[in-house]
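Asks: Need a 3D model of the sequence below.
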Amino acid sequence: MSAPQPLQIREANAHLAAVHRRAAELEARLDAAERTVSAQAERLARHDQQLRAALEELGRAKDCEIAALQEQLLTSEATVHSLQAALRQRNELIGQLQPRAELLQDICRWRPPVAGLLAALAEAERLGPLPTGDPGHPPPSGPGPGLANSTGDEEDRNHLQPAVFGTTV
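Replies: Residues are numbered from 1 along each chain as shown. All right, here's what the predicted structure looks like:
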């Protein structure tokens with residue numbers, strides 16, 4: 001075989017230099033890409049760590065809110081039970097007071113007639129007994145029926161007391 005021509009050697013050297021430059025360029029791009037990927041991986045790891053911390057914080061906040069709501073629920077349930085007991089007591093009291101209220105209503109309905117009766121009795125008391133010598137009014141033992149209740153027995157009439165008008169109220 002013959003020795004390579006100087007032109008071929010120069011072309012081969014130029015080609016090897018170009019391949020070497022291309023390899024160096026590709027290695028530089030690879031290093032840059034690796035640095036970019038490494039930086040992105042670090043950013044993603046930091047972001048992931050931040051998200052995990054935020055998620056943990058949300059979990060703690062959720063747990064605290066759930067605990068506060070459970071406490072509020074227990075307090076509300078206790079209040080409801082207390083109010084229900086108070087309602088039962090008031091209903092019992094209403095049941096006890098209802099007959100008295102009805103009695104008071106009856107008393108209020110009867111008050112005007114009783115007041116009229118008392119006024120009439122006071123007027124009768126003011127007028128006093130009939131005079132015994134008045135010719136226009138015969139005595140009760142005379143003709144006509146007597147004013148006292150009797151069974152007709154003379155014996156019962158002896159122990160009857162004369163009627164006196166008065167009030168005890």
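
Asks: For Gln8, which three-state class applies?
Replies: helix (DSSP: H, G, I helix; E, B strand; the rest coil).

Asks: Need phi/psi at Gln5.
Replies: In terms of degrees, to the nearest 10, the main-chain angles of Gln5 are phi -70, psi 150.

Asks: burial measure for it, as a count.
Replies: Here the count is done by other C-beta atoms under 10 Å, and Gln5 has 9 residues near it. Every C-beta, even on glycine, is put in place using the N, C-alpha and C of the backbone.

Asks: Also the one 4 residues further on?
Replies: Here the neighbour count serves as a burial measure; for Ile9 (other C-beta under 10 Å) it reads 11.

Asks: The residue positioned nearest the centre of the chain is in what secondary structure piece?
Replies: Closest to where the C-alpha atoms of the chain average out (C-alpha atoms, centre = their mean) is Val80, at 6.5 Å. Using DSSP states H and E, Val80 sits within helix 6-127.

Asks: Buried residues of stretch 106-120, list them for me.
Replies: For stretch 106-120, burial by neighbour count (16 or more other C-beta atoms under 10 Å) applies to no residue.

Asks: Show me what the mean pLDDT comes to for it.
Replies: If you average the pLDDT over stretch 106-120, you get 92.

Asks: And for stretch 95-102?
Replies: 95.

Asks: where's it relative to the chain centroid, distance-wise?
Replies: Mean C-alpha position of stretch 95-102 versus that of the full chain (C-alpha atoms, centre = their mean, to the nearest Å) differs by 27 Å.

Asks: Same check on stretch 37-49?
Replies: With C-alpha atoms, centre = their mean, you get 54 Å for stretch 37-49.

Asks: Repeat that for stretch 46-59.
Replies: With C-alpha atoms, centre = their mean, you get 40 Å for stretch 46-59.

Asks: ok now do Val114, which residues does it touch?
Replies: Counting by C-beta atoms under 8 Å, 6 or more residues apart in numbering, Val114 makes contact with nothing.

Asks: show me the contacts for the residue nearest to the centre of the chain.
Replies: Val80 touches nothing, counting by C-beta under 8 Å, 6+ apart.
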